[in-house]
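> A predicted structure for the sequence below; I have some questions about it.
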Amino acid sequence: MDHFEYLNGELHVEQVAITAIASEVGTPFYCYSTATLERHYKVFTDAFEGTDALVCYSLKSNGNLAIVRTLARQGAGADIVSEGELHRALAAGIPAEKIVFSGVGKERTAMQAALDVGIYQFNVESLPELEALDEVARGAAEQAPVALRINPDVDAGSHHKISTGRREDKFGIPWTEALDAYARAAAMPGIEIVGIDVHIGSQLSSLEPFEAAFRKVADLVEALRAEGHNIRRLDLGGGLGVPYHEDDEVPPLPANYGKMIKDVAGHLECQILLEPGRLISANAGVLVSSVIYLKHSGNRTFVIVDGAMNDLLRPALYDAYHRILPVKEPNADAPREPVDVVGPICETGDTFAQDRALPPLNPGDLVVFCTAGAYGAVMSSTYNGRPLVPEVLVNGDRYAVVRRRQSLDEMLDAEDVPDWLPAAG
Ligand code: LLP
């Protein structure tokens, strides 16, 4: 459930009309709903009631400070993958002791920074990374709390670019090599083994692959304990899918996901760590855009909008589907004609939708791309000289710009022309 609804013929975010925000900040912009974020976080945490669980929101899905602060106030921890995300999580008020550090290529400087602030756990993905962390920790006369990320060789059945648990993927230590890796870790003075970690992919639409992976991990916990390792935390990653399509099958409910985890891992009496990203942020955000032109070409109609693939990359990168809604509520009997909704960027891939049946749209009309709160703003760029767009957070009848639109000059700020290139003329 979200809080994007038509009221008096106009799409609102909670109690705020999108047109009111658009007239202040211009388009395109991202717009997020506090109530939706809080609701998703609650539904997810409720699924683990009665369990010792720590929900570490995955910042990569949406790391805006105001979003992360909203979740921090609900008690969320953070799953981070870089020193930049560590900086963000701390700045947003997530305590270090609720932060886990994932990622296949952590640099020593980032390890050091994370050790310095005392993060809860490093999820280590290879022996070379383990050796580097051991060295960094010994240098600081510390022990780094570590879970090894295991690759269970399970196909998540998601888009191939976001499936991460197959043997051929770059992630994790093959589960067949786990016992050796733990033996190596146990011999390293800078490493304290605290748990085991797994993450098989994102936007999973069924519980089966999760369950297959978690069963392998649960078996490993027993095998590792039998060898004397003190495995007390089970980090089960993120990955629960959300509905993007009008007629999507509804992905598994968090409650059923929680129940499955209790069934598979409850007897191990580990603390359960979870790293949801999309489930919390995706349906809490939309990208708002204006129609610039209608173009009829051959037998096609192109609706050219001012948002583009640099603002929302998912359709171009993954052929992802995002629902498109006009901000002005269409008449129920308005004709739906198939159109292509495209951005202004000079690539055919800058297409949000093809042959999408939409009610009539005209230049100046506002549309929203739904389910854009996750992997939207965070994946944007300035390609084609397009400034980063604003992000707006709504809370009841209030809203605030939580990232302002980048100015044309700010886009040039980090660049310099060397002195062997004098100004032309
Ligand atoms: N934990 C780890 C170790 C991850 O790699 C990820 C996502 C998550 C947690 C959060 O997964 P979520 O709950 O959001 O599915 N840009 C792609 C998605 C990439 C996901 C990368 N890893 C997209 O737009 O679909």
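That came in fine, so what should we check first? Numbers count the residues shown, from 1 in each chain.
> what does the stretch 151-300 of the chain put close to the ligand?
By the rule Cβ under 6 Å from any ligand atom, the part of the stretch 151-300 of the chain lying against the ligand is 162, 199, 202-203, 237-239, 275-279. (Glycine included, C-beta is placed from N, CA and C.)
> mind redoing it with 5 Å?
Within reach of the ligand by Cβ under 5 Å from any ligand atom, the stretch 151-300 of the chain has these residues: 162, 199, 202, 237-239, 275-278.
> Adding pLDDT, write these out as a markdown table.
Compiled in a markdown table, these are given as follows (pLDDT from 0 to 100):
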| residue | pLDDT |
| --- | --- |
| Ile162 | 82 |
| His199 | 96 |
| Ser202 | 93 |
| Gly237 | 98 |
| Gly238 | 97 |
| Gly239 | 96 |
| Glu275 | 98 |
| Pro276 | 98 |
| Gly277 | 98 |
| Arg278 | 98 |
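> Would you mind listing the buried residues in the longest strand seen in the chain?
Scanning the chain for the strand with the most residues, using DSSP state E, yields strand 285-297. Buried residues in strand 285-297, defined by neighbour count with 16 or more other Cβ atoms under 10 Å: 285-292.
> That strand pairs with which strands?
strand 29-33 (antiparallel), strand 300-305 (antiparallel), strand 366-369 (antiparallel) (DSSP bridges).
> Convert it to PDB, retaining C-alpha atoms only.
What follows is strand 285-297, C-alpha atoms only, in PDB (Å, rounded to 0.1, in the frame of the first residue of the first chain):
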ATOM      1  CA  GLY A 285       8.600   7.400  -4.500                       C
ATOM      2  CA  VAL A 286       7.600   8.600  -8.000                       C
ATOM      3  CA  LEU A 287       9.400  10.600 -10.700                       C
ATOM      4  CA  VAL A 288       7.300  13.500 -11.800                       C
ATOM      5  CA  SER A 289       7.800  14.700 -15.300                       C
ATOM      6  CA  SER A 290       6.000  17.100 -17.800                       C
ATOM      7  CA  VAL A 291       5.000  16.300 -21.400                       C
ATOM      8  CA  ILE A 292       7.100  18.500 -23.700                       C
ATOM      9  CA  TYR A 293       5.800  17.500 -27.200                       C
ATOM     10  CA  LEU A 294       3.700  14.900 -28.900                       C
ATOM     11  CA  LYS A 295       5.200  13.600 -32.000                       C
ATOM     12  CA  HIS A 296       3.500  11.500 -34.600                       C
ATOM     13  CA  SER A 297       5.900   9.600 -36.800                       C
END
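> what is the mean pLDDT for that strand?
Strand 285-297 carries an average pLDDT of 98.
> Make 47 the starting number, not 1.
That works, and once the first residue is 47, the last one we named lands at strand 331-343.
> Wait, Ile67 touches Glu437, no?
No: counting by Cβ atoms under 8 Å, Ile67 stays clear of Glu437, with 11.0 Å between them.
> May I see the strands paired with strand 331-343 arranged in JSON lines, with mean pLDDT and mean neighbour count as well?
Output for these, formatted as JSON lines (pLDDT from 0 to 100; neighbours: other Cβ atoms under 10 Å):
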{"stretch": "strand 75-79", "mean pLDDT": "98", "mean neighbour count": "26"}
{"stretch": "strand 346-351", "mean pLDDT": "97", "mean neighbour count": "19"}
{"stretch": "strand 412-415", "mean pLDDT": "98", "mean neighbour count": "25"}
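> Go through those strands and name the closest to Leu359.
Counting by Cβ to Cβ, Leu359 lies closest to strand 412-415 out of those; the figure is 11.7 Å.
> could you point out which element follows the closest one?
strand 437-441 (DSSP states H and E).
> can you pull out the helices in this protein?
Ranges of helices within the chain are 64-71, 80-92, 111-119, 129-137, 154-163, 173-185, 224-232, 253-272, 300-311, 324-327, 360-364, 454-458, based on DSSP state H.
> just those: most buried one?
Greatest average neighbour count among those goes to helix 324-327 (a mean of 30), per mean count of other Cβ atoms under 10 Å.
> got the contact list for it?
For helix 324-327, the external contacting residues (Cβ atoms under 8 Å, 6 or more residues apart in numbering) are 78, 83, 86-87, 90, 103-104, 107-108, 113, 117, 248-249, 284, 286-288, 300, 419-421.
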